[in-house]
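Chemist: coordinates for the following, if possible.
(chains A and B)
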2 protein chains.
Amino acid sequence: MTAHEWAKTLQVGDGFRLADVDPRSTPGYDGSKADGARALESGLDELNHLQERLFAESRVGVAKDSVLLILQAMDSAGKGGIVRHVVGGVDPQGVALTAFKAPTAEELAHDFLWRVTPRLPEPGFIGVFDRSHYEDVLIGRVRSLAPADEIERRYDAINTFEAEAAASGIRIIKVMLHISPDEQKARLMERLERPDKHWKYNPGDVDERLLWDDYMAAYQTVFDRTSTAAAPWHVIPADRKWYARLAVQELLLDALQGIDPQWPAAEFDVEAEKKRLAAS
Amino acid sequence: MTAHEWAKTLQVGDGFRLADVDPRSTPGYDGSKADGARALESGLDELNHLQERLFAESRVGVAKDSVLLILQAMDSAGKGGIVRHVVGGVDPQGVALTAFKAPTAEELAHDFLWRVTPRLPEPGFIGVFDRSHYEDVLIGRVRSLAPADEIERRYDAINTFEAEAAASGIRIIKVMLHISPDEQKARLMERLERPDKHWKYNPGDVDERLLWDDYMAAYQTVFDRTSTAAAPWHVIPADRKWYARLAVQELLLDALQGIDPQWPAAEFDVEAEKKRLAAS
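Modeler: Sure, this is the predicted structure:
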């Protein structure tokens, strides 16, 4: 399966229902866990090759495009592992990572997109959002953190915002890592059982877990309202970490292949510079 | 040699003379290139282990310390390779990288430290400066980009700034990668000979190269004036890339070992949470 076929397979289209996605499934991939790990490793070379050319374009000022990977998920679904094992395989000089936390008082005083705009990647970069403006229509909706009409307004605001970002040259990859409640329970229990994992556990995680159905409904609304041609959503079954990592890598490869960055031509006289350097 | 011994070996002390350092030497290390590559690989595990604990402390709000690696060098000395192969081995979630470029008009309108302060790493993070405020006393001095008395003022300003940062919990590692003019010539020539490296070449690199002795004098002044107990300089011979990478990794290990981060204790009742999770 090509990277583009991966993207098409995982993309949220008309009539998509989250409830129909099995979190343990591995859509489009019939290899084993070991196969998946090998594929991840070998895909890294191409990812690095493409990323370096994109970055090269930015350094000489001819890059127009960038990539933005937006990661959303319930707790313990594996966002951190994606950042570490997929994004972490790329030269950090070309990556701009933002982990969005609960908004500060200053951020809350502004429109919900105010803190997001400055974090959009510049040309030549791979931007990564670990959580994003979608929190404002997910926990924002489930926990009624804003009035209902304000939440309602945000879907269109997001679409306008993302369409403009896409028109400016940002390839937006929106990913929801989809785990099952059982798998989450097992992962949270492991965090409780291992003292070296206690720091990853937050009692609030169970509070959110108790609202699982509300969150799934909020995600379904997000997909219905904000999966656009300019910025489609992808739902990645995430009970198998190796599959989710491979799938995200393929989505990055698809975006970069679509950009098709090239080594920039020299804007100086190469032979003249060789002589000048040799004489120096 | 322990990481701490590496740091002591490479540290700029009283009476240090840059002219006495052989860029092809490998101080304190008598292994081969292959040995060095293996040592780099095996050191990565400890680096990751320490970094994860430091990051864990930050996530539960008990981290007080951070690390700041400041990289300075002549062009092509290998800063990019350090970022990619040493820093790139660490979880990107715990790294804050800033590549300082020529200052913008807005930055120039402010004090030279104005753009630097917001980039200091928060507790729990490894900050990396690819170039830094030292440009303002290096190219700033060599090219007379500011009046002489302003340049003169900056050394003390840097010492005060860094001492405050160190007192706030930032372990500052200042590194100059020291290459020879011959090695630089070879590396720049390779960039001219390979079309996929043209983007890394800038005719301005040769202009700076022609001022080599002035730059070395400016570095010597930097070492004389700003190698302090709170923020000592380290000069790393860099004609052998593998040695420079290994040395920087050891300096990072030394700083992290000095912090000695621990897995944070749970601030919740673990057994009560297990019951609550099981029932959810």
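Chemist: could you pull out the helices in the stretch 151-280 of chain A for me?
Modeler: With helices called from DSSP state H, counting those that start in this stretch, the stretch 151-280 of chain A shows them at A:181-193, A:203-209, A:212-226, A:241-259, A:270-278.
Chemist: deepest of these, which one?
Modeler: Sort those by mean neighbour count, taking mean count of other Cβ atoms under 10 Å in any protein chain shown, and helix A:241-259 sits at the top with a mean of 23. All C-beta atoms are positioned from the backbone trio N, CA, C, and that covers glycine.
Chemist: so what touches it?
Modeler: With Cβ atoms under 8 Å, 6 or more residues apart in numbering or on different chains as the test, helix A:241-259 has contacts from A:1-4, A:6-7, A:10, A:26, A:29, A:33, A:36-37, A:39-40, A:43-44, A:46-47, A:50-51, A:54, A:65, A:67, A:69, A:77-78, A:81-82, A:85-86, A:126, A:171, A:173, A:175, A:177, A:234, A:236-238.
Chemist: which of the residues you listed fall in helices?
Modeler: A:3-4, A:6-7, A:10, A:33, A:36-37, A:39-40, A:43-44, A:46-47, A:50-51, A:54, A:81-82, A:85 (DSSP state H).
Chemist: of the residues you listed, just the buried ones, ChimeraX syntax please.
Modeler: One line in ChimeraX is enough to select the buried ones among the ones in helices among the contacts of helix A:241-259; burial here means 16 or more other Cβ atoms under 10 Å in any protein chain shown:
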select /A:3,6,7,10,36,39,40,43,44,47,50,51,54,81,82,85
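Chemist: if we can go back for a sec, just put the helices of the stretch 151-280 of chain A in CSV and tack on mean pLDDT.
Modeler: Formatted as CSV, these follow (pLDDT from 0 to 100):
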stretch, mean pLDDT
helix A:181-193, 98
helix A:203-209, 96
helix A:212-226, 98
helix A:241-259, 98
helix A:270-278, 97
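Chemist: could you dump those into a markdown table with distance to B:Gly61 added?
Modeler: Output for the helices of the stretch 151-280 of chain A, formatted as a markdown table (distance: least, Cβ to Cβ, whole Å):
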| stretch | distance to B:Gly61 |
| --- | --- |
| helix A:181-193 | 17 |
| helix A:203-209 | 14 |
| helix A:212-226 | 26 |
| helix A:241-259 | 27 |
| helix A:270-278 | 52 |
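Chemist: of the ones you listed, give the one that comes closest to B:Ala157.
Modeler: Set against B:Ala157 and scored by Cβ to Cβ, these come closest in helix A:270-278, at 36.1 Å.
Chemist: what's that closest one packed up against?
Modeler: Where contact means 3 or more Cβ pairs under 8 Å, 6 or more residues apart in numbering or on different chains; DSSP states H and E, helix A:270-278 is packed against helix B:181-193, helix B:203-209.
Chemist: now distance to B:Glu273 too, for the ones you listed, in a markdown table please.
Modeler: Shown next, in a markdown table, are the helices and strands packed on helix A:270-278 (distance: least, Cβ to Cβ, whole Å):
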| stretch | distance to B:Glu273 |
| --- | --- |
| helix B:181-193 | 55 |
| helix B:203-209 | 58 |
